[in-house]
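[1] no sequence for this one, just the structure:
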């Protein structure tokens, strides 16, 4: 019996990634498709498919005439060349169908893309890799500018002993954590750790 799989990917574990993950869940749950299994991965789209644990687990389970769904091409990957290689593995070697829900693209297993399909999906893959490169380029330039301005990069250094003593003293007289954090110049979570003796 043919099976239908879905694959979700987010790049990091920050807030924006959580939102993207929830968005993918929503799109899949409202697709009208009943999935046999959904694979989830927290990994950069620039990482090749053969280096992704969950993607490879999905490939291992794929059989001829099965279907794999992605919410859009960017969740498939952000490396133009690798994306086509992965497509070939799924559609030509595994002979499984690939569906990109939001892009409106469906590729049949065992069939070569026609020129129009190739042109359309090429544009999406190029755009996805362009956006990844653009983010990296803009981030690099922003870091360079901060260095030129003398801004120290990286995680802030730990609290000095006098700051720790001040936190303990303010806590003893009943000052609230958020106010202590503001007075000492640190975060509320750090204040909480100091008070609990975990710092």
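    Looks like it arrived, so ask away. Quantities reported herein were computed from a predicted structural model and do not represent experimental measurements. Residues are numbered from 1 along each chain as shown.
[2] so where's the chain uncertain?
    Across the chain, the ranges flagged by pLDDT under 70 are 13-16, 151-157.
[3] where exactly do the helices run in it?
    15-29, 53-61, 73-76, 80-88, 115-148, 161-172, 177-184, 188-195 (DSSP state H).
[4] need the ones you listed in a markdown table with distance to residue 9, can you?
    From N, CA and C alone the C-beta is placed, and that goes for glycine too. Below are these laid out as a markdown table (distance: least, CB to CB, whole Å):
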| stretch | distance to residue 9 |
| --- | --- |
| helix 15-29 | 8 |
| helix 53-61 | 8 |
| helix 73-76 | 5 |
| helix 80-88 | 12 |
| helix 115-148 | 12 |
| helix 161-172 | 41 |
| helix 177-184 | 36 |
| helix 188-195 | 29 |
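[5] for residue 37, which of these is the nearest?
    Between residue 37 and those, the shortest gap by CB to CB is with helix 53-61, which sits at 7.2 Å.
[6] buried residues, the closest one. List them.
    Under the neighbour-count criterion of 16 or more other CB atoms under 10 Å, helix 53-61 has 54-55, 58-59 buried.
[7] so which of the residues you listed comes closest to residue 187?
    Of all these, residue 187 sits closest to residue 54, with 33.4 Å by CB to CB.
[8] any idea which residue of this structure is furthest from its center?
    residue 173 (44.4 Å; CA atoms, centre = their mean).
[9] any idea how far it lies from residue 72?
    The spacing between residue 173 and residue 72, counted by CB to CB, to the nearest Å, is 55 Å.
[10] how about residue 103?
    From residue 103 to residue 72 the distance is 5 Å (CB to CB).
[11] ok, now residue 90?
    In terms of CB to CB, residue 90 sits 16 Å off from residue 72.
[12] higher neighbour count, these two?
    A direct count of neighbours by other CB atoms under 10 Å for residue 90 and residue 72 places residue 90 higher, at 22 against 17.
[13] hang on, that one packs against residue 59?
    Yes: between residue 90 and residue 59 a contact is recorded at 7.4 Å, counting by CB atoms under 8 Å.
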